[in-house]
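S.K.: coordinates for the following, if possible.
(one chain, ligands or ions: 1)
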Amino acid sequence: MLINDERGLIFVSPQAYADQANWHAVAAELRRDAPVLRVEAEGYTPFYALTRHADVFEVSRRSDIFFNTRNSVLGPDANFEFIHSLGIDPKTLIHMDGTEHRDHRHVTNDWFKPAAVKKRQGDIDAIADEFVDKLADLGGACDFAQDIAVPYTLRVIMSIFGVPREDERTMLELTQGIFGAADPEYLGDFSDPLEFLTATIGRFDEYFDALTADRRAHPTDDLATVIANGEIDGCPMERHARLWYYIIVATAGHDTTSYALSGGMEALLRRPDQLAALAADPSLATNAAEEMIRWTSPVRAFLRYAQEDTEVDGVPIAAGERVLLSYPSANRDDAVFVDPMHFDITRPDADKLISFGLGVHYCLGSQFARREVRTMLPKLLARVRTIELAAEPEWAEANFVGGVKHLPVRYTLR
Ligand code: HEM
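M.R.: Residues are numbered from 1 along each chain as shown. Here you go, the predicted structure:
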């Protein structure tokens, strides 16, 4: 790929994210030397990559000037042109601005408020217990990412969503089709990632149309009912926006959290002293979860579009130009975190993490994600006597949402 500055490849190339040591070394150099890097890569409209915490923070806050509208997820222009030509452009909360965004977010906002999420703690506990029990069936060795983290986080979100267990496998395939479209492991019979993506969106469409009809006819107390019957300005939500509402909740809700858990576990297993400290003192789990979510930064980036001529960190950004918010880089910025390259479940500044973004688009599900991680940790460590890496982990090749996708572990139980 032709590129004006090779360092910009770390934001573009899905493979670059799979080599975390190199990725973070390059990002550290950029934070120091070129924190607002203009990236011109073949096939991509140029963008400015923001790597400092202060700049990611500031642009996220300035939602009056920096809009999400257009393509807020980085991808080759040809992909978006293709999707646009088929009339299946994404229209999630993440793709909206201003009052349209506010009104659509309002439809589910109450569901995600801390008090409402707290009421689900009993369900999260029960699901976590189920997956800790599963360790016994797995017989002392498993892929912690695929056997525990993925199905556990999937089941939690599906339980609040209201999708029955027998459909979880379909939902998983659909999510991986959207987020992992560039990863050869998920392509199945498809040779072209774009065709795969289009087919995936078609399958989501069918599934959620049926769900909408069902929840309109038989409303329950689940989130699907809220979306199916959601109104904007007193009228039913428009079909396309409704479909994407389901998609965003179904997809954003578990891949992200499972990567936080699998990558967080990897970090913990490489530091037996911290593993032992957490096992001895479960009250560390809350901070440990924050640190895992900082450390893993499962969402790699979002884009914002300048609505007027402006500047970021002294670099002029013209109206219409776009900036990329690099969460993993911002989360390793030593202007904010003491010794940021060090994983530390007791770090006092873990709560400065910017993994969930900031401002009007701040992650709707952050309360769920945090609870899921901090619920699993003490339960798991109470059950295992020993747990260690059994082989090198494998990282997803993805430049939007990604992390440790295979984590082979060996363990003994109490
Ligand atoms: C560790 C796990 C997670 C991470 C790292 C994460 C990260 C993010 C980020 C970076 C954003 C964009 C924020 C911005 O633009 O300022 C976002 C938005 C969003 N997230 Fe999450 N997320 C996680 C878990 C979840 C969960 C569990 C759910 C749902 C149950 C969820 C649902 C959403 C939704 C609906 C939005 C769009 C909000 C809007 O645009 O108004 N996320 N998330």
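
S.K.: okay, now the residue in the stretch 1-150 of the chain positioned nearest to the ligand: neighbour count?
M.R.: Relative to the ligand, the nearest point of the stretch 1-150 of the chain is Leu93 (3.6 Å; C-beta to the nearest ligand atom). (Each C-beta comes from the backbone N, C-alpha and C, glycine too.) Summarising burial for Leu93: neighbours were counted as other C-beta atoms under 10 Å, giving 22.

S.K.: in stretch 20-27, what's buried?
M.R.: Applying a neighbour-count criterion of 16 or more other C-beta atoms under 10 Å, the buried positions in stretch 20-27 are 20, 23-24, 26-27.

S.K.: with stretch 209-220 instead?
M.R.: Along stretch 209-220, the positions that meet the burial threshold by neighbour count (16+ other C-beta under 10 Å) are 211-212, 215.

S.K.: dump the residue contacts of the residue of the stretch 1-150 of the chain closest to the ligand.
M.R.: By C-beta atoms under 8 Å, 6 or more residues apart in numbering, the residues touching Leu93 are 101, 104-105, 245, 248, 361, 364.

S.K.: switch the cut-off to 7 Å
M.R.: 101, 104-105, 248 (C-beta atoms under 7 Å, 6 or more residues apart in numbering).

S.K.: okay, who's weakest in the residues you listed by pLDDT?
M.R.: When the contacts of Leu93 are compared on pLDDT, Ile248 comes out lowest, with 88.

S.K.: is it true that Leu284 touches Ala277?
M.R.: Yes - under the contact definition of C-beta atoms under 7 Å, Leu284 touches Ala277, with a separation of 6.5 Å.

S.K.: more neighbours, those two?
M.R.: Comparing Leu284 with Ala277 by other C-beta under 10 Å, the one with more neighbours is Leu284, at 19 against 15.

S.K.: and the more buried one, what's its pLDDT?
M.R.: Residue-level confidence at Leu284 comes out at 98, pLDDT.

S.K.: A helix includes Ala277, no?
M.R.: Yes - counting by DSSP: H, G, I helix; E, B strand; the rest coil, Ala277 is located in a helix.

S.K.: show me the contacts for it.
M.R.: Neighbour list for Ala277: Leu284 [criterion: C-beta under 7 Å, 6+ apart].

S.K.: relative to Gly177, how far out is it?
M.R.: 39 Å (C-beta to C-beta, to the nearest Å).

S.K.: now check stretch 155-168, is it near the ligand?
M.R.: Yes - contact between stretch 155-168 and the ligand, assessed by C-beta under 6 Å from any ligand atom, occurs at Ile157.

S.K.: restricting to C-alpha, output that stretch in CSV.
M.R.: The C-alpha atoms that make up stretch 155-168 are tabulated as CSV, following Å, rounded to 0.1, in the frame of the first residue of the first chain:
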residue,chain,number,x,y,z
ARG,A,155,-25.0,-14.5,26.8
VAL,A,156,-25.1,-11.4,29.1
ILE,A,157,-26.0,-9.0,26.3
MET,A,158,-28.4,-11.5,24.7
SER,A,159,-30.2,-11.9,28.1
ILE,A,160,-30.9,-8.2,28.4
PHE,A,161,-31.7,-8.0,24.7
GLY,A,162,-34.1,-10.8,24.9
VAL,A,163,-32.7,-13.1,22.2
PRO,A,164,-33.2,-16.8,23.1
ARG,A,165,-30.2,-19.0,23.8
GLU,A,166,-30.7,-21.1,20.7
ASP,A,167,-30.1,-18.0,18.5
GLU,A,168,-26.9,-17.0,20.2
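
S.K.: and that stretch, what's buried?
M.R.: Residues of stretch 155-168 classed as buried under the neighbour-count rule (16+ other C-beta under 10 Å) are 155-163, 168.

S.K.: how about stretch 304-324?
M.R.: Under the neighbour-count criterion of 16+ other C-beta under 10 Å, stretch 304-324 has 304-307, 310, 312, 315, 317, 321-324 buried.
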